[in-house]
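Enquirer: could you look at this predicted model? Sequence included:
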Amino acid sequence: LPMIPGNMGNATTFDFPMVYREMNAENVLDVMATTPVKQFTDACVEAAKWLELQGVSAIMGNCGFFGHYQKVVQERIDTPFFSSSLMMLPMMVRSMPRNKKVGVITANGPLLSSGPAMENCGLSTADKSNRVVVEGCENDIEFARAMAVQGAYNPVKFEQDVLAGITRLLAKDPDIGSILLECTELSPHAHAVQRLVNMPVWDYTSLTNWIHSGCARRPFTGHV
């Protein structure tokens, strides 16, 4: 799967150092398993411990569905673990007025809605039911082609699929007041999404920049 600028897996997405470690997972699709798979869990922990030995300040996953593994991995490592973009959901929900909801666009709507990833990332069951609206892109042609990991995809057509998904999402509920892009492949298209919806849009890169800002504080400069 090509990782274009804006994707978590493309180091040019960020203006600070990133260290990458590929997991030794037998089946990468186990990331979507609603019950953690032992081999995938072990592979995730192994990669995280390697990163710890490099001296990293925080560790992240590269798929929103890593939220399925937040608890089981965090119990076995010693570094802050931000598995999923979904970890922003509780804060986003709390920030919204009572009559507003958070819209989530995801790589697979049914799996995200039925699985525990959002709860594992701190969202209450009540908020999941009443304050979050989910829409998946799993049936959109170019999106599905990219997720099939065939070695190439068309980013222009992919963006069209993303915007079509956003349109379906907004049609589901007129009270949506902010958007979360779950999938790391969605981040390159965050600007186009915001241009369409004219509301706050957060994604994996938003989370990464926030984490870095806490791990590498710098002195302020300016004038009084």
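Expert: Cool, got the structure.
Enquirer: what distance separates the longest helix seen in the chain from the centre of its chain?
Expert: Longest helix in the chain by number of residues (criterion: DSSP state H): helix 155-172. Per Cα atoms, centre = their mean, to the nearest Å, the displacement of helix 155-172 from the mean C-alpha position of its chain is 17 Å.
Enquirer: and stretch 178-188, end to end?
Expert: 18 Å (Cα to Cα, to the nearest Å).
Enquirer: distance from the chain centre to it, please.
Expert: So, by Cα atoms, centre = their mean, the centroid of stretch 178-188 is 6 Å from its chain's centroid.
Enquirer: tell me where the protein has helices.
Expert: So, for the chain - with DSSP H - the helices run 38-53, 70-74, 89-95, 109-114, 117-120, 125-130, 141-147, 155-172, 190-197, 204-215.
Enquirer: so which of those is the most packed in?
Expert: Comparing the helices of the chain by mean neighbour count (mean count of other Cβ atoms under 10 Å), helix 117-120 comes out on top with a mean of 23. Bear in mind the C-beta positions are built from the backbone N, C-alpha and C, glycine included.
Enquirer: what about it, average pLDDT?
Expert: Helix 117-120 comes out with an average pLDDT of 97.
Enquirer: before we move on, what about stretch 214-224?
Expert: The predicted model assigns stretch 214-224 a mean pLDDT of 95.
Enquirer: can I get it in PDB, CA atoms only?
Expert: Coordinates of the C-alpha atoms in stretch 214-224 are reproduced here as PDB (Å, rounded to 0.1, in the frame of the first residue of the first chain):
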ATOM      1  CA  GLY A 214       4.000  17.200  24.900                       C
ATOM      2  CA  CYS A 215       7.100  15.000  24.400                       C
ATOM      3  CA  ALA A 216       9.400  17.700  23.100                       C
ATOM      4  CA  ARG A 217       8.500  21.000  24.700                       C
ATOM      5  CA  ARG A 218      10.400  24.100  23.500                       C
ATOM      6  CA  PRO A 219      10.900  27.600  25.100                       C
ATOM      7  CA  PHE A 220       8.600  30.300  24.000                       C
ATOM      8  CA  THR A 221      10.000  33.400  22.200                       C
ATOM      9  CA  GLY A 222       8.300  36.700  21.500                       C
ATOM     10  CA  HIS A 223       7.700  40.200  22.800                       C
ATOM     11  CA  VAL A 224       6.000  41.700  25.800                       C
END
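Enquirer: what's next to it, contact-wise?
Expert: Phe16, Ser57, Ala58 (Cβ atoms under 8 Å, 6 or more residues apart in numbering).
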